[in-house]
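# Got a predicted model here, sequence first, then my questions.
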Amino acid sequence: LTEPCKHQLKVAYLQQEQVEFDDKEHMADADPKFAEKCAREIRQFKCDQADSFEDTVECLRLNYENLGPECKSMVFYREKIEAADNTMDDELQRKCKYDIGKFCPGQNGEHVLDCLTNTKIVRLLQKECKAVVQERMRESARDIRLRPGLLLACKTEAETYCMDELKKLKMPQYAQKVLEGAVVGCLREKYRESAHNRIDLSAQCQAEITKAIVEAEFDPQLDPPLYHACQDTIRLHCSAAIIQHSGGFDTVLDCLKADFHKGAISDPDCNKQTFSQIARRVEETMIDIHLDPPLLEACSMDMQRLCRDVVPGHSRTRRVEETMIDIHLDPPLLEACSMDMQRLCRDVVPGHSRIIMCLMEASGSTNAQMSSSCRNMLADRNKLWMKAHQVIQLFFSRQYQMAWPESWHEAYSMVATHPNKVSILGWLSGIVFFILLVGCCCGRLSKRTHMELKNR
């Protein structure tokens, strides 16, 4: 579109957004189609008490998961417009005006959300602004179309490696339907594969995926599969932890990991997703230290001093190809056992968990003198590793467990569909033939009592 046309569209859109309702009966006049499709939800969530049209829309956005399909499509339509141009997001512009001037003065207004969602900035925002920014981040995690920067930077990679997921963006039935992070999840998988040189991603695409990974570390809702599987567990187990930490949104994952460690998560889907999340995060943070914000913050001074000449990426900062793939992935364990490492594992070459195995052997030995902090930390980690191993075994045993047939028809179907049915039938035939052969050669095994009595 030409600039004058875009300007007029923005004016018309914002005029509609900023309509205030002196008379609530005329609320539908702002956008009749929107009001019609979302009439039930507006009443259900009391969005009709809002003072302006944009507040009504924001109320529905906050309750997106509970909206009906038609209302979801209307809200998603507006989300796409405001994601493409942040100046049309009047709620964001109004509530974040001070923070935009403070933290993002030189940022292009159309993409100011990219600045506000920076993990170093988002924690410093004012309360009202932070709430809006968090909601926008959660929306963008649901569909790559709400992350235009990622879609543009990774367009070539998505067309090459995520073709099936990307096709849905052009299908009419998905035009107004959220894809629940399908494309982003695929790109994250390819990003992990890039660490092993199996595929090649552009620098811009890697930067955008890295940003998405780091954002998900601070809020479980930015990881849709994990959140959907564990939202009941979060409500039951982690709400107290969140309140205790003043509602900090970086405490939920720690709570889930602690519950996983204790075996307190009863939901098998949540157990599986929590374990997958832990494994995925370890693999991703192996690629670059910037994907592990707590470790990056703790080691920033040491990086400048010790790793100044190392180019970030593909674990070069953390391991220089391989030597750091070990205890260094667990900063608390490294800190607790640093003295014991120097004393007990001095000759062990780092990498492939060799140092951890050395410490584990030392902790089980009665002769080795180990600090209590290191011994306790190793015991805690060992419990977590054993728990993860049990979850994997449980998952595979349930996936491949074979139930006994309850009828002859089920038994026939089981044999007929089995990939080795020829061998099974061959063995059964062989057993029957062997029994007949023994009968022919040895005669009957039962006593001939009745025949002998008759002959007398």
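Thanks, I have it.
# next SSE after the one helix or strand Glu128 maps to?
Here Glu128, judged by DSSP states H and E, is contained in helix 127-142. Under the assignment DSSP H and E, the closest C-terminal helix or strand after helix 127-142 is helix 148-153.
# can you list contacts of the helix or strand that that next one is followed by?
Next helix or strand after helix 148-153 toward the C-terminus (DSSP H and E): helix 155-161. If you take Cβ atoms under 8 Å, 6 or more residues apart in numbering as the criterion, helix 155-161 is touched by Ile144, Leu151, Glu165, Leu166, Val183, Cys186, Leu187, Lys190, Ile199, Leu201, Ser202, Cys205. Placement of C-beta: from N, CA and C, glycine included.
# sorry, back to before: if we go by neighbour counts, what in the helix holding Glu128 is buried?
Judged by neighbour count using 16 or more other Cβ atoms under 10 Å, the buried positions of helix 127-142 are 129-130, 132-142.
# thinking again about what came up before, quick one: which of the contacts of helix 155-161 has the lowest pLDDT value?
Among the contacts of helix 155-161, Ile199 carries the lowest pLDDT, at 75.
# pretty sure it is touching Glu193, no?
Yes - Ile199 is within contact range of Glu193, at 5.3 Å (criterion: Cβ atoms under 8 Å).
# thinking again about what came up before, which strands or helices does the helix holding Glu128 pack on?
Helix 127-142 makes packing contacts with helix 53-62, helix 69-84, helix 90-95, helix 112-116, helix 119-122, helix 203-218 when contacts are defined by 3 or more Cβ pairs under 8 Å, 6 or more residues apart in numbering; DSSP states H and E.
# now that helix, how far from the centre of its chain.
17 Å (Cα atoms, centre = their mean, to the nearest Å).
# Tell me how far Cys345 lies from Cys358.
For Cys345, the distance to Cys358 equals 4 Å [Cβ to Cβ, to the nearest Å].
# Hmm, I typed the wrong one, I wanted His237.
35 Å.
# same question, Leu425
Leu425 is 53 Å from Cys358, by Cβ to Cβ.
# who touches Cys358 in this structure?
Residues near Cys358 by Cβ under 8 Å, 6+ apart: Leu344, Cys345, Val348.
# and it, what pLDDT?
84.
# List the buried residues of the helix or strand encompassing it.
According to DSSP H and E, Cys358 maps onto helix 354-363. By neighbour count with 16+ other Cβ under 10 Å, helix 354-363 contains the buried residues Ile355, Ile356, Cys358, Leu359, Met360, Ala362, Ser363.
# Kindly report the same for stretch 363-372.
Ser363, Met370.
# Name the residues that touch it?
Outside of stretch 363-372, the residues within contact range by Cβ under 8 Å, 6+ apart are Ala336, Cys337, Met339, Asp340, Leu344, Leu359, Ala362, Cys374, Arg375, Leu378, Ala379.
# what's the helix or strand hosting Arg192 packed up against?
Element membership of Arg192, judged by DSSP H and E, is helix 182-194. Taking 3+ Cβ pairs under 8 Å, 6+ apart as contact, the helices and strands that helix 182-194 lies on are helix 148-153, helix 155-161, helix 163-170, helix 203-218, helix 268-287.
# what's around the closest residue in space to Ala141 that isn't next to it in sequence, how many residues?
Ranked by Cβ to Cβ, 6 or more residues apart in numbering and with sequence neighbours excluded, the top spatial neighbour of Ala141 is Leu222, at 4.3 Å. By the measure other Cβ atoms under 10 Å, the count of residues near Leu222 is 23.
# Enumerate every residue touching Leu222.
Met137, Arg138, Ala141, Ala212, Glu215, Ala216.
# wait, doesn't the third one sit right on Gly181?
Yes - with contact defined as Cβ under 8 Å, Ala141 counts as touching Gly181 (5.8 Å).
# shared neighbours of these two, anything?
Both Ala141 and Gly181 are contacted by Asp223, Pro224, under the criterion Cβ under 8 Å, 6+ apart.
# Surely Glu180 is in contact with Arg142?
Yes - contact criterion Cβ under 8 Å: Glu180 and Arg142 qualify, at 6.0 Å.
# Mutual contacts of the two, please.
Pro224.
# if we can go back for a sec, got the angle for the helix holding Arg192 vs helix 163-170?
Orientation note: helix 182-194 sits at an angle of 150 degrees relative to helix 163-170 (axes from the mean of the first three to the mean of the last three Cα atoms, to 10 degrees).
# Need the residues that contact helix 182-194.
By Cβ under 8 Å, 6+ apart, the residues outside helix 182-194 that reach it are 141, 144, 147, 150-151, 154, 157-158, 161-162, 165-166, 168-169, 199-201, 205-206, 209-210, 212-213, 225, 280, 283-284, 287, 314.
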